[in-house]
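Engineer: just the structure for this:
(chains A and B)
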2 protein chains.
Amino acid sequence: MKEVEYQEHFFPGTRQELLNKVKQSVKEKRYQHILGVEQTAVKLAEINQFDLEKASVAGLVHDYAKERTAAEFKVAIKQHQLDPDLLNWGNFIWHGVVGAEIIRDELRITDEEILNAVRRHTVGAVEMTTLDKLIYVADFVEPSRDFPDVEFARSLAYADLDQAVRFETKHTLQYLLNANQTVYPRAIDTYNQWVVKK
Amino acid sequence: MKEVEYQEHFFPGTRQELLNKVKQSVKEKRYQHILGVEQTAVKLAEINQFDLEKASVAGLVHDYAKERTAAEFKVAIKQHQLDPDLLNWGNFIWHGVVGAEIIRDELRITDEEILNAVRRHTVGAVEMTTLDKLIYVADFVEPSRDFPDVEFARSLAYADLDQAVRFETKHTLQYLLNANQTVYPRAIDTYNQWVVKK
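Structural biologist: Have a look, this model is predicted:
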């Protein structure tokens, strides 16, 4: 993969410096996943004529806060005066919505489009920007992902980003339901917007 | 089935008078479904030591407003100052939540436990009374219902009402997802409460 050289100052440093910070924040397995998401997001950005550097930064930071403790997330929710309802949920939701604040504080990334893509990468949103879609989909199909439909999801991602958002949204909900796992209500808003035939 | 003789004045009239009113409000096929729900709700009430007359009335009225027009529901939402967000949804939601108001107005049924069971019969609720559960489950397994798992659902209903609520909640969501149909966010609250393993 050709590496993106950072010139637009979304992150105040080089790509290598950002890589170092991300590597320190997560375990090796997750770091490899993050590299896969970056690589996939950049490829999807090329296909969809989107800023490669922005896709690279968003891909590298999307799971930056994933391994923080519940205690740290709860402090951040209060400190940043986020919706107190967030306290009722868990890591799955926090690492996106609350993670964006931790990224701003620790990595000095302030671009709202990047931070929104982090916020929305777990359950999507009714309205999604191109960057939101790139990260949401790259997270689902990056090379180390392995589930029965992943090859189909990958083809779809490179062929039609919106259809990939649709497929991922439905697939993830079905997975959660089959496993009796918690569904965040906002995931249903995404589903009703993207999957339901109007 | 032994018929319940009305003595507790939940409805100001006899069971036969209520039957006549219900029959006038819906098509024949739905009327038969309604009779099935009443019959099942009364059986489940016996098993669960619940007031048979209350179960009968709630069963007979649960779909009373189902065939009203969108225009009529919208007027009722405004007239009764219900949550304006309801206007974003459709008959599936309206016939329960808005239907309860129509039932109060037209049938002079004011018992809140009965009206709540009508309100909650489509998507359940985080907290459900015994009557809520009787109607929710009876609606799912009454004799004219026919779907692959209906026999299992029926056995469950007569064996364990809470397990039947759990099964129905998950089953209905899976059905909606498979069919790409709209999911009401409150149905997810019910799922998170009843189905997810804590």
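
Engineer: looking at the residue nearest the centre of chain A now. What's its pLDDT?
Structural biologist: For chain A, the residue nearest the mean C-alpha position is residue A:121 (3.3 Å; Cα atoms, centre = their mean). In the prediction, the pLDDT value recorded for residue A:121 is 98.

Engineer: residues contacting it?
Structural biologist: A:62, A:96, A:132, A:135-136, A:139 (Cβ atoms under 8 Å, 6 or more residues apart in numbering or on different chains). In short, each C-beta sits where N, CA and C put it, glycine included.

Engineer: of those, which is the most crowded?
Structural biologist: Using other Cβ atoms under 10 Å in any protein chain shown as the neighbour criterion, residue A:62 leads the contacts of residue A:121 with 31 neighbours.

Engineer: contact residues of chain A facing chain B?
Structural biologist: With Cβ under 8 Å from any Cβ of the partner chain as the criterion, chain A meets chain B at residues A:170, A:173-174, A:177-178, A:180-183, A:185, A:187-189, A:191-192, A:195-197.

Engineer: tabulate the CA atom coordinates of stretch A:113-122 in CSV.
Structural biologist: What follows is stretch A:113-122, C-alpha atoms only, in CSV (Å, rounded to 0.1, in the frame of the first residue of the first chain):
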residue,chain,number,x,y,z
GLU,A,113,-15.5,15.6,10.2
ILE,A,114,-12.8,13.2,11.5
LEU,A,115,-14.2,13.3,15.0
ASN,A,116,-17.8,12.7,13.7
ALA,A,117,-16.5,9.7,11.7
VAL,A,118,-15.1,8.3,14.9
ARG,A,119,-18.4,9.0,16.7
ARG,A,120,-20.5,7.3,14.1
HIS,A,121,-18.3,4.3,13.2
THR,A,122,-20.0,1.8,15.6
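
Engineer: separation between the residue lying closest to residue A:101 once chain neighbours are set aside and chain B?
Structural biologist: Spatial nearest neighbour of residue A:101, excluding adjacent residues (Cβ to Cβ, 6 or more residues apart in numbering or on different chains): residue A:80 at 4.7 Å. Separation of residue A:80 from chain B (Cβ to the nearest Cβ, to the nearest Å): 25 Å.

Engineer: wait, residue A:80 touches residue A:102, no?
Structural biologist: No - in this structure, residue A:80 is not within contact of residue A:102 by Cβ atoms under 8 Å, at 9.2 Å.

Engineer: higher neighbour count, the two?
Structural biologist: Applying other Cβ under 10 Å to residue A:80 and residue A:102 shows that residue A:102 carries more neighbours, namely 21 against 14.

Engineer: which SS class is the more buried one?
Structural biologist: Secondary structure, DSSP: H, G, I helix; E, B strand; the rest coil: residue A:102 is helix.

Engineer: correct me, but it touches residue A:64?
Structural biologist: Yes - shown here, residue A:102 and residue A:64 form a contact pair, counting by Cβ under 8 Å, at 7.0 Å.

Engineer: which element follows the biggest helix by length in chain A toward the C-terminus?
Structural biologist: For chain A, the helix with the greatest residue count under DSSP state H is helix A:28-47. Downstream of helix A:28-47, the first helix or strand assigned by DSSP states H and E is helix A:52-61.

Engineer: that following helix: how far from the chain's middle?
Structural biologist: How far helix A:52-61 lies from its chain's middle: 10 Å, per Cα atoms, centre = their mean, to the nearest Å.

Engineer: about what we covered before: can you tell me how far the residue nearest to the centre of chain A sits from residue B:7?
Structural biologist: Note on residue A:121: its distance to residue B:7, by Cβ to Cβ, to the nearest Å, is 60 Å.
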